[in-house]
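>>> please find the sequence and the predicted model below.
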Amino acid sequence: MAVRFGGQFSPGAKEPEEASVPLRAAPGHLRHRLESRTAWITAAASPLLMTAFFQDPAGMAANFAGFGIIAAGMMLTREGLQAEAAYDARRVARRPAYPRKLFGGVLTGLGLAIGAAEPGALAGAGIIGLVGGALHWLSFGGDPMRDKGMSDTDAFQQDRIARIIAEAEAHLAAMQTAVQRTGDPAIEDEVARFAATARGLFGRLEDNPTELASARRYLGVWLLGARDATIKFADIFARTRDSASRGAWQALMGDLTTEFAARSARMIEGGRTDMSIEISVLRERLAREGLAAPSGGIDAAAVAPTTAQVEDQRAVTLDELLRTPADKVRQ
């Protein structure tokens, strides 16, 4: 069956309704700019396979082992780059569970050393391995080794939010998988717009964990209902192409997209309100100390010394200190 394709700049394309909401990338869609290098390095190690059949049994085993270890190191490096991309994409993030790029570099150097090992040149093979590990570090860098933006965040609350968002991402993935059965790009775009708006709310919740109580029904009840409704609609529409069901489902998705975007906007406004309160409190404290006016301007009269105060600040000499009160009266 022919499928009509379209995009953002195609005729009749709709403007994204969630453009004002900061988007959060879907899990698995984050790609590091250096990720393609791992495939090229694995391909560059292929001569170890091609020359293995021209070696003695020990050399063949060494070549196979060297290539396999290098390939495993590149797999770990690619996973480390993906974890780093996810880490960089978030304002609040935990460091990766273990340093994948570091272990990938160690395996790469070990694979090069084993592939280059010969009975009389073990020292040279070791040097090749060390150089390979150093070049790996220079090419891909190190792993994130500390948490980011979590100095004032409760670890238990952050883990709880991570679990809830993981469940919500599973609901979105089920919705996107279900609408693929319809074979209609417009329906898939509708779900993609809703998913982008929902992920914007996920990102706001990660930045402000205190909003979990008010946003939990969005990530739980509403998102679960949207998933169930989308799966049922996809089953019906794939068989009957019922326009009435499509209209009802599109109205539901439009309402949900609008509500999720509005909730993200309210969280942004709540953050601005909290900032305004902090500024007002600080201004009042400065005003009580006589350093600033309550409106935020600097009170020059409060901080500038008067003429009498300037005259009282005369230099005190040793003669002044030794002068008796009677001498001061006569003066």
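Cool, got the structure.

>>> which stretches of the stretch 1-150 of the chain form helices?
36-44, 47-50, 57-88, 100-116, 122-140 (DSSP state H, counting those that start in this stretch).

>>> packing partners of the shortest one?
For helix 47-50, the elements it packs on are helix 57-88, judged by 3 or more Cβ pairs under 8 Å, 6 or more residues apart in numbering; DSSP states H and E. (Each C-beta comes from the backbone N, C-alpha and C, glycine too.)

>>> next one: the helix it packs on to chain centre, how far?
Helix 57-88 has its C-alpha centroid displaced from the chain centroid by 25 Å (Cα atoms, centre = their mean, to the nearest Å).

>>> circling back to that earlier point, any chance of the helices of the stretch 1-150 of the chain in JSON lines, plus mean neighbour count?
Rendered in JSON lines, the data for those read as follows (neighbours: other Cβ atoms under 10 Å):
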{"stretch": "helix 36-44", "mean neighbour count": "15"}
{"stretch": "helix 47-50", "mean neighbour count": "15"}
{"stretch": "helix 57-88", "mean neighbour count": "19"}
{"stretch": "helix 100-116", "mean neighbour count": "23"}
{"stretch": "helix 122-140", "mean neighbour count": "16"}
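
>>> Leu224 is nearest to which of these?
With Cβ to Cβ as the criterion, Leu224 lies closest to helix 57-88 of the helices of the stretch 1-150 of the chain, at 24.7 Å.

>>> show me what counts as buried in the helix or strand containing Ala192.
Following DSSP states H and E, one finds Ala192 within helix 185-207. Buried residues in helix 185-207, defined by neighbour count with 16 or more other Cβ atoms under 10 Å: 185, 187, 189-207.

>>> so which of the helices of the stretch 1-150 of the chain comes closest to Arg246?
Each of the helices of the stretch 1-150 of the chain has some distance to Arg246 by Cβ to Cβ; the shortest is helix 57-88, at 35.2 Å.

>>> between that closest one and helix 100-116, how many degrees?
Using axes from the mean of the first three to the mean of the last three Cα atoms, to 10 degrees, the inter-axis angle of helix 57-88 relative to helix 100-116 is 160 degrees.

>>> which segments of this structure make up each domain?
Per automatic domain parsing, the structural domains of the chain span 36-140, 155-288.

>>> any idea which of those gets closest to Lys148?
Relative to Lys148, the nearest member of the domains of the chain by Cβ to Cβ is domain 36-140, separated by 4.8 Å.
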